[in-house]
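Enquirer: Got a predicted model here, sequence first, then my questions.
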Amino acid sequence: REAKSMCVVGSVYSGSPAFKAGLLTGDSVVAFGSTQHREYKGVTESIVPIVKGSVGKPIDVVVVRVGEGAQVHQVQLTLVPQQWSGGGLLGCILK
């Protein structure tokens, strides 16, 4: 069955934790840590607390990515929120 998207990755800043994890602009996030679509209430309510509670600890993130030839792939990434030279703990925009 098709996993439902919770949010979409906007800008990913070079050198950021999101960049190092391999997140790409346009990725659809279908799982973030233990949170999946049915529990998802929005970035502020569902993603931010996980990020703030996981500084320096890996979070499993599953995204759906459209590749060449419109092939759709599910990609599992490991994101480690941390302070970096830019803003926030991830270095990407989730919308």
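Expert: Happy to help now that I have it.
Enquirer: and the residue lying closest to residue 72 once chain neighbours are set aside, how many neighbours does it have?
Expert: In this structure, residue 72 finds its nearest non-sequential neighbour in residue 66, 5.6 Å apart by C-beta to C-beta, 6 or more residues apart in numbering. For every residue, glycine as well, the C-beta is placed using N, CA and C. By other C-beta atoms under 10 Å, the residues close to residue 66 number 12.
Enquirer: Might you report the residue contacts of residue 66?
Expert: 26, 72-73 (C-beta atoms under 8 Å, 6 or more residues apart in numbering).
Enquirer: need those residues in JSON lines with neighbour count, secondary structure and pLDDT, can you?
Expert: Shown next, in JSON lines, are those (neighbours: other C-beta atoms under 10 Å; DSSP: H, G, I helix; E, B strand; the rest coil; pLDDT from 0 to 100):
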{"residue": "26", "neighbour count": "13", "secondary structure": "coil", "pLDDT": "96"}
{"residue": "72", "neighbour count": "10", "secondary structure": "strand", "pLDDT": "88"}
{"residue": "73", "neighbour count": "9", "secondary structure": "strand", "pLDDT": "91"}
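Enquirer: between those residues, which is nearest residue 62?
Expert: residue 73 (10.7 Å; C-beta to C-beta).
Enquirer: can I assume that closest one is in contact with residue 64?
Expert: Yes - checked against C-beta atoms under 8 Å, the pair residue 73 and residue 64 is within contact range at 7.2 Å.
Enquirer: Make sure residue 4 is actually in contact with residue 30.
Expert: Yes - in terms of C-beta under 8 Å, residue 4 counts as a neighbour of residue 30; the distance is 6.6 Å.
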